[in-house]
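**Student:** sequence and computational prediction follow.
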Amino acid sequence: MLSSSSSSSSSSSSSSSSSSSSSSFIVYMLSILIEVEKESRNLFQLAVQRRRRLRAKMHSLVVAYTKEEGNGESTTSLMESLMGLLRIHVKRGVNLAVRDARSSDPYVVVKMGKQRLKTRMVKRDVNPEWNDDLTLSITDPNIPIKLTVYDHDTFTKDDKMGDAEFEVSSYIEALRKHTNLEEIPNGTVLSRLQPNNSNCLAEESLIYLKDGKILQDLVLRLGNVECGEVEIQLEWIHFPGSKTFSSQ
Ligand SMILES: [Ca+2]
């Protein structure tokens, strides 16, 4: 009696333990599935948020641009004609002109059409390291970009320290041509531009692939001034939804 009861109890406990172990396995699997699902939902939400932030940034840039334009062109049509954003990393000035007693307080102004952006000012330095990013919205890559260096003055009008122009058509062409970036080794030079009489290049300018991005380095020789060069780097920021680059 005792043994039978014990055996029955042991058999019932063994069956319950096997069913509880399989149900705990299912619970475990489910919890993993839920975690995976939650994780992918989080990633999706992050991507959505990032896309929304980019769109908001684009929108505010375009609105600012439209306001500045004052030409009544609607924001929507500008959004449609927008190819993307061009980030101009203004690295440094080299051997710039002296406009104060011994030095200058240089800053850079970049203009494209009616867009106007400027870097911070570096006090008393004719070899300034600005390391400032200026972002232009690009609708027509054939519009030249003009860069002017000024000497900041407190009580008088800021003096000019030279200017230079450059175009982004070759850079855009490289972006259009090379959409299979994962197949190109890091550091590959995609295009070279030589200095000549019709451009403001001080030396050969390279368009190359670095860390999955196509960049262009330019050293601009300043004109309308006795001396000075400005080093910049171009980086394209793809705009989600832009039809300019098929693979993006
Ligand atoms: Ca000054």
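**Tutor:** That came in fine, so what should we check first?

**Student:** so what's the residue nearest the centre of the chain bridging to?
**Tutor:** Nearest to the geometric centre of the chain sits Ile237, at 4.2 Å (Cα atoms, centre = their mean). Going by DSSP bridges, Ile237 is paired in beta bridges with Leu85.

**Student:** how much space between it and Lys57?
**Tutor:** Going from Ile237 to Lys57 by Cβ to Cβ, to the nearest Å gives 9 Å. Placement of C-beta: from N, CA and C, glycine included.

**Student:** what's the overlap in contacts for those two?
**Tutor:** Common neighbours of Ile237 and Lys57 (criterion: Cβ atoms under 8 Å, 6 or more residues apart in numbering): none identified.

**Student:** quick one on the thing from earlier: so the residue nearest to the centre of the chain sits right up against His89, yeah?
**Tutor:** No: contact between Ile237 and His89 fails when scored by Cβ atoms under 8 Å: they sit 11.8 Å apart.

**Student:** can you pull the residues of the chain lying near the ion?
**Tutor:** Residues of the chain found near the ion (Cβ under 5 Å from the ion) are Asp100, Asp105, Asp151, Asp153.

**Student:** in this structure the last one contacts Asp159, no?
**Tutor:** Just to be clear, that refers to Asp153. Yes: in this structure Asp153 lies within contact range of Asp159 using Cβ under 8 Å: 6.6 Å.

**Student:** between these two, who's got more neighbours?
**Tutor:** Neighbours per residue, other Cβ atoms under 10 Å: of Asp153 and Asp159, the larger number sits with Asp159, 16 against 13.

**Student:** OK, contacts around the more buried one?
**Tutor:** For Asp159, the contacting residues are Arg99, Ser104, Tyr150, Asp151, Asp153, by Cβ under 8 Å, 6+ apart.

**Student:** narrow these to those that are buried.
**Tutor:** Buried members of the contacts of Asp159, counted by 16 or more other Cβ atoms under 10 Å: Arg99, Ser104, Tyr150, Asp151.

**Student:** ok, the last one touching Asp100?
**Tutor:** The reference is to Asp151. Yes: using Cβ under 8 Å, Asp151 makes contact with Asp100 at a distance of 6.6 Å.

**Student:** give me the below-cutoff pLDDT ranges for this protein.
**Tutor:** For the chain, residues meeting the criterion pLDDT under 70 lie at 1-20, 62-76, 78, 241-248.

**Student:** 50 instead?
**Tutor:** 1-15, 247-248 (pLDDT under 50).

**Student:** run through the helices of this protein in chain order.
**Tutor:** Taking DSSP state H as the test, the helices found in the chain are 2-69, 75-81, 169-177.

**Student:** ok, residues contacting the last one?
**Tutor:** This points to helix 169-177. 83, 138, 141-142, 190-191, 193, 207, 214, 216, 234, 236, 244-245.

**Student:** need the residues of the chain next to the ion in CSV with distance to Phe166, can you?
**Tutor:** Shown next, in CSV, are the residues of the chain next to the ion (distance: Cβ to Cβ, whole Å):
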residue, distance to Phe166
Asp100, 28
Asp105, 24
Asp151, 22
Asp153, 27
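
**Student:** closest to Glu203 among the residues you listed?
**Tutor:** The nearest member of the residues of the chain next to the ion to Glu203, counting by Cβ to Cβ, is Asp151 at 24.9 Å.

**Student:** who's the closest one bridged to?
**Tutor:** Per DSSP bridges, the residues bridged to Asp151 are Pro106, Asp159.

**Student:** and Leu54, what does it touch?
**Tutor:** Taking Cβ under 8 Å, 6+ apart, we find Leu54 in contact with Phe239, Pro240.

**Student:** fine by me, thanks again.
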